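Peer 1: sequence-free structure coming up:
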Ligand code: NAD
Ligand code: MN
C-alpha cells in the first residue's frame, strides 16, 4: 500500500475549517479505495504563530516540508496583521523557493450551481487558467518606497525571464493539448507594457511551434475580461502573468458561481520540490467560526492533489461525490444562496463517496 506524506498547513480563519473538512474526506477516500493511505503532519504556521514569534513560519520551516509528497494549504490573512506580511511570510515563502511556477486553476459551473452569466448553464464555461507563479509582478525584488525625497516615490519591479516565461507557456500548451478542445489563449498587455509583455508574445509564438495540434490565440487582459463574460464558450485553457491571472481567476471563480468552490494547485512540474494545493479563497474573517465556510474549493483542490499523487481513480470518485452534493440546493452553503453548514456538506460528500460504486 502506498502512503502519502502530506504537510497540512491550515493557516488562518476559515483555512482551518476547510482543511479539517478536506482531511476528513481524503481519509474516507483512502479507506474506500484501499490502495493508499495518507499521513498528515500538521503545521500551525500563520498569523497566530506570527503574533507569538514575529514570523509566519519558523526559519527551518521549508526544511520540515521539503520531503513531503504534497502540501495541503488553507489560507492566510488576519484582521490585525498586514496582508503583505501574511502573504509574503507564508504562501509566497513556500511557492517561490519550491519553484511551484505553474498555478493551475480549473473553473467549471458545477451541477446545481448558477452562474451569474445569463447564458451559461454549465458546459459553456469550462476553463483552466494557468498563472505564472514564480516571477513577474510578484517577483518580490527591487521594489521600495523611496522616503525622504520632496515627492515620495514607490516602485514595484516586475521581472520576467525568458526561461521563466517559456516554461509556464510550455506547461500551458501541454495542458491545452491534454484537453479535448486543444485550445489555448495567451493573455498579455503588450500594447502598454512594451518590454516584458512583448517578450511573452514572442515566446508564445516560439513555443507554439512545438504544439502544432493546439489552436492558440492572444488577448489583451482588459479585452479578456469582456470575452470571459460575453463569450465564455470560446475559451478553454488560458495562460497569463502572475498579476493578470490572479485577477482573472477571481473573476472566473465568481462566474462559476462562488469563490468558495474554486481550487488552485501550485505545481512544481519537475517534482524537485513538493507541490501545494489550496482553495483560491482567503481566510474570510467575516465568516470565520460560524461553521458556514464552503468546503467545495478545498475538496476540488484535493482532487488536484490526488491526480498529482497518481491517484486519478480516487480523484474522479471525489469529484463525482462533490458534484452529486452541489446538485442538491439543500446542500448549498450561504455563499451559494443556501443554508447548509460546512459539516453538512462534508457529511454529504463522505456519504456520496461511500455510496459510489463506480
Ligand atoms: P476572501 O477570499 O477571504 O473572502 C472574500 C469573500 O468571499 C468574503 O465575503 C468571504 O466570506 C467569501 N468567501 C471566501 N471563501 C469562502 C468560502 N469557502 N465559503 C464561503 N464564503 C467564502 O478574501 P478577502 O476578504 O479579500 O480577504 C480576507 C483575508 O484573506 C485577507 O487577509 C487576504 O489577504 C487573505 N487572502 C488570502 C489568500 C490566500 O491565502 N491564498 C487569498 C485571498 C485573500
Ligand atoms: Mn488572488
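Peer 2: Great, that's in hand. For clarity, every value in this text was computed on a predicted model and none was experimentally measured. Ligands and ions are numbered 1, 2, ... in the order given.
Peer 1: can I assume residue 144 is in contact with residue 155?
Peer 2: Yes - Residue 144 lies in contact with residue 155 (C-beta atoms under 8 Å); the separation is 6.3 Å. For glycine as for every other residue, the C-beta is placed from the backbone atoms N, C-alpha and C.
Peer 1: Show me where the stretch 151-300 of the chain has its strands.
Peer 2: Counting by DSSP state E, counting those that start in this stretch, the stretch 151-300 of the chain has strands at residues 153-155, 183-188, 215-220, 237-240, 263-267, 276-279.
Peer 1: Which positions in the shortest one come out as buried?
Peer 2: Put plainly, it is strand 153-155. Of the residues in strand 153-155, none count as buried by neighbour count, 16 or more other C-beta atoms under 10 Å.
Peer 1: Quick one: mean pLDDT over it.
Peer 2: Averaging the model's pLDDT scores along strand 153-155 yields 92.
Peer 1: Please name the residues that touch the closest residue to residue 51 other than its chain neighbours.
Peer 2: Once flanking residues are discounted, residue 51 sits nearest to residue 81: 7.2 Å by C-beta to C-beta, 6 or more residues apart in numbering. Residues near residue 81 by C-beta atoms under 8 Å, 6 or more residues apart in numbering: 47, 50, 51.
Peer 1: What is the burial count for the second one?
Peer 2: For residue 50, the neighbour count with other C-beta atoms under 10 Å is 21.
Peer 1: any idea whether it is helix, strand or coil?
Peer 2: helix (DSSP: H, G, I helix; E, B strand; the rest coil).
Peer 1: dump the residue contacts of it.
Peer 2: 56, 81, 85, 86, 89.
Peer 1: Put together TSV for these, with distance to residue 189 and pLDDT on each row.
Peer 2: Formatted as TSV, the contacts of residue 50 follow (distance: C-beta to C-beta, whole Å; pLDDT from 0 to 100):
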residue	distance to residue 189	pLDDT
56	31	96
81	32	95
85	28	93
86	28	92
89	29	93
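Peer 1: now, which of those residues sits nearest ligand 1?
Peer 2: If you rank those by distance to ligand 1 using C-beta to the nearest ligand atom, residue 86 comes first, at 6.1 Å.
Peer 1: sec struct for that closest one, please.
Peer 2: Assignment for residue 86 (three-state DSSP): helix.
Peer 1: you'd agree it is up against residue 45?
Peer 2: No - using C-beta under 8 Å, residue 86 is not in contact with residue 45, being 10.3 Å away.
Peer 1: what touches both of the two?
Peer 2: Counting by C-beta under 8 Å, 6+ apart, the shared contacts of residue 86 and residue 45 are residue 56.
Peer 1: what's around the residue nearest to residue 100 when sequence neighbours are not counted, how many residues?
Peer 2: Leaving aside its sequence neighbours, residue 100 sits nearest to residue 266 (C-beta to C-beta, 6+ apart; 3.7 Å). For residue 266, the neighbour count with other C-beta under 10 Å is 27.
Peer 1: number of nearby residues for residue 110?
Peer 2: Neighbourhood size, residue 110 [other C-beta under 10 Å]: 19.
Peer 1: Got the confidence number for the closest residue to it other than its chain neighbours?
Peer 2: Distances taken as C-beta to C-beta, 6+ apart put residue 326 closest to residue 110, at 4.4 Å, once the chain neighbours are dropped. Here the pLDDT value assigned to residue 326 is 97.
Peer 1: so what's the residue of the stretch 51-200 of the chain found nearest ligand 1 closest to, chain neighbours aside?
Peer 2: Of all residues in the stretch 51-200 of the chain, residue 77 sits closest to ligand 1, at 2.2 Å by C-beta to the nearest ligand atom. Using C-beta to C-beta, 6+ apart and skipping residues adjacent in sequence, the residue nearest residue 77 is residue 283, 4.0 Å away.
Peer 1: Residue 13 too?
Peer 2: Using C-beta to C-beta, 6+ apart, the closest residue to residue 13 is residue 283 (2.8 Å).
Peer 1: What's the local residue count around the closest residue to residue 201 other than its chain neighbours?
Peer 2: Counting by C-beta to C-beta, 6+ apart, the nearest residue to residue 201 once its immediate chain neighbours are dropped is residue 190, at 5.1 Å. If you count neighbours by other C-beta under 10 Å, residue 190 ends up with 19.
Peer 1: Offset the numbering so it begins at 858, please.
Peer 2: Right, with 858 as the first residue, what we last looked at is residue 1047.
Peer 1: pretty sure residue 1047 is touching residue 1077, no?
Peer 2: Yes - at 7.3 Å, residue 1047 counts as touching residue 1077 under the criterion of C-beta under 8 Å.
Peer 1: show me what contacts the nearest residue to residue 1082 once chain neighbours are set aside?
Peer 2: Spatial nearest neighbour of residue 1082, excluding adjacent residues (C-beta to C-beta, 6+ apart): residue 1108 at 6.3 Å. Neighbouring residues of residue 1108 by C-beta under 8 Å, 6+ apart: 1082, 1085, 1086.
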